[in-house]
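K.L.:
coordinates only, sequence not included:
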C-alpha cells in the first residue's frame, strides 16, 4: 500500500504530463494491494472458524470502516 500512498503524495506537486504516468504506474498494483485483505479474512474463516467469528464480531466497526475506506478510495 505504500506504493499507492507515495504516488498519492507526489500527486500534489506533479505536472499534468506526469499525472498520467503516475496513474499508469500504479495500475497493476492497485487491486493487488486490496486482495490481501480478502485473502486474510478468507484464510481466517477456513483455518480458524471460531476465531473468525470472535475476531470479526469484536472488530465489526473497525473492519467496516476499513472496507468502506477501501471502497471509497477506489
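P.N.:
Looks like it arrived, so ask away. This one's a predicted model, so the numbers in the text were calculated from it and none came from an experiment.
K.L.:
how about the helices of the chain, start to end?
P.N.:
All helices of the chain, identified by DSSP state H, fall at 2-11, 16-47, 49-58, 60-73.
K.L.:
can I get those helices in CSV including mean neighbour count and mean pLDDT?
P.N.:
In this view, the C-beta of every residue, glycine as well, is placed from N, C-alpha and C. Converted to CSV, these look like this (neighbours: other CB atoms under 10 Å; pLDDT from 0 to 100):
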stretch, mean neighbour count, mean pLDDT
helix 2-11, 12, 78
helix 16-47, 11, 81
helix 49-58, 12, 89
helix 60-73, 11, 84
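K.L.:
which residue sits closest to the residue nearest in space to the middle of the chain, ignoring its sequence neighbours?
P.N.:
For the chain, residue 34 is the residue whose C-alpha lies nearest the centre (CA atoms, centre = their mean; 3.6 Å). Take residue 34 and drop its neighbours on the chain: the residue closest to it by CB to CB, 6 or more residues apart in numbering is residue 70, 5.5 Å away.
K.L.:
these two touch, right, the one you found and residue 35?
P.N.:
No. At 10.8 Å, residue 70 does not count as touching residue 35 under the criterion of CB atoms under 8 Å.
K.L.:
what about stretch 40-51, distance to the chain center?
P.N.:
With CA atoms, centre = their mean, to the nearest Å as the basis, stretch 40-51 stands 19 Å off its chain's centre.
K.L.:
cool, stretch 59-72 as well?
P.N.:
On CA atoms, centre = their mean, the centre of stretch 59-72 falls 10 Å from that of its chain.
K.L.:
for that stretch, give me every contacting residue.
P.N.:
When contacts are defined by CB atoms under 8 Å, 6 or more residues apart in numbering, stretch 59-72 is touched by residues 34, 37, 56.
K.L.:
adding distance to residue 10, write the residues you listed out as CSV.
P.N.:
Formatted as CSV, the contacts of stretch 59-72 follow (distance: CB to CB, whole Å):
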residue, distance to residue 10
34, 21
37, 24
56, 35
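K.L.:
residue 9: which of the residues you listed is nearest?
P.N.:
The closest of the contacts of stretch 59-72 to residue 9 turns out to be residue 34 (CB to CB; 19.0 Å).
K.L.:
if anything else comes up later, I'll come back, but that's it for now.
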